[in-house]
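Student: I would like the atomic coordinates for the input below:
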Amino acid sequence: MVSKKVLENTTAQPDSVLAKQVDFAREALSDIAKAEEIGEHLRVESAGERVVTHFFQCLKFGYRGWTWAATLARVPHARLGTVCETDLLPGEDALLAPAWTPWAQRLQPGDLGRKDATPYNPDDPFLDQGYEASGEDADELALWELGLGRKRVINRAGRDAAAKRWLHDLHSRTELDRNGNLPENPCSTCGYLWKVDGSLRLVFGLCANAWSPDDGRVVAMNHTCGAHSETDTDMTPSSLPVGGIFLDDKSLLIEDL
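Tutor: Down below sits the predicted model:
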């Protein structure tokens, strides 16, 4: 593998003796590539004092955009270089595997089922410190419920009917967790609860948790799910080992471009 140190000094003028040894660099690549897989000489770059790296086009099937690299060095007054290392390096348009995503960051909205529970996140970027209601906004709530700006507002019978429908829907969505129990923490204590306006705010709210199966729906204060903001489920490391990148040269997926 061509080290970072070797590739740092690429702007200096390459050693004139080593820069001419293109055929020698191509021959050095025979240890890692077949002759027909090595294309034209692309460039030579300085990698330090009397150290250069020759780059060749890669013609190996499935490696478009990659380049073969052979690093040569020589001692003072020597006319022939020595092979330091050879490698296959990706270019700017090379097809690469996506960057590793830690297991803790792989959960996406919609992945959580009703039997699942998310771990507690003390640094949730979507939550701020909560405060107790002070009662100072009582007048504003009263004026809002008058329905100023609307010709008609829902009456008590309409609210009762809506509450009945919502509760029935919530009961049909409630499931036990994987241990056969209901999640303990109710929506009334969840940081993602968005309370509705009016008198129904004492009973209902909106779920604003993208990881919850109830996201965007009306929930009751006593409703539960596994995505509560204060869940008591701890984060545990994955039992699967994380190894290095493995390049499978035997199984290639061919796509017409």
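Student: from now on I want contacts and neighbour counts done on CA atoms only, so please keep to that.
Tutor: Fine.
Student: now do the helices in this structure.
Tutor: 4-8, 16-19, 22-28, 138-145, 156-173 (DSSP state H).
Student: which of these has the lowest average pLDDT?
Tutor: Least confident of those, judged by mean pLDDT, is helix 4-8 with a mean of 48.
Student: so how far is residue 107 from the residue most central in space within the chain?
Tutor: The centroid of the chain falls nearest to residue 101 when counting by CA atoms, centre = their mean (5.1 Å). Distance from residue 101 to residue 107, counting by CA to CA, to the nearest Å: 10 Å.
Student: circling back to that earlier point, need the per-residue pLDDT for the residue nearest to the centre of the chain.
Tutor: So residue 101 comes in at 84 (pLDDT).
Student: ditto for residue 30
Tutor: Residue 30 is given a pLDDT of 92.
Student: that one: what's it in contact with?
Tutor: Listed by CA atoms under 8 Å, 6 or more residues apart in numbering, the contact set of residue 30 is empty.
Student: ok, 10 Å please
Tutor: Residue 30 sits next to 37, 38, 86 when contact means CA atoms under 10 Å, 6 or more residues apart in numbering.
Student: out of the residues you listed, which is most surrounded?
Tutor: Greatest neighbour count in these, by other CA atoms under 10 Å, goes to residue 86: 24 neighbours.
Student: can you name the residues that contact the spatially closest residue to that residue that is not a sequence neighbour?
Tutor: Distance criterion CA to CA, 6 or more residues apart in numbering; nearest residue to residue 86, sequence neighbours excluded, is residue 70 at 4.4 Å. Residues near residue 70 by CA under 10 Å, 6+ apart: 2, 22, 24-29, 44, 52-56, 83-88.
Student: okay, and which of those map to strands?
Tutor: Among the contacts of residue 70, the residues falling in strands (DSSP state E) are 44, 52, 53, 54, 55, 56, 83, 84, 85, 86, 87, 88.
Student: can you turn the buried part of the residues you listed into a ChimeraX selection?
Tutor: A single ChimeraX command selects the buried members of the ones in strands among the contacts of residue 70 (16 or more other CA atoms under 10 Å):
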select :44,52,53,54,55,56,83,85,86,87,88
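Student: now, among the ones in strands among the contacts of residue 70, which is nearest to residue 12?
Tutor: Top of the list for closeness to residue 12, among the ones in strands among the contacts of residue 70 and by CA to CA, is residue 52 at 10.1 Å.
Student: residue at max distance from the center of the chain?
Tutor: Distance to centre of the chain, CA atoms, centre = their mean, peaks at residue 77 (52.4 Å).
Student: can you report phi and psi for that one?
Tutor: In terms of degrees, to the nearest 10, the main-chain angles of residue 77 are phi 70, psi 0.
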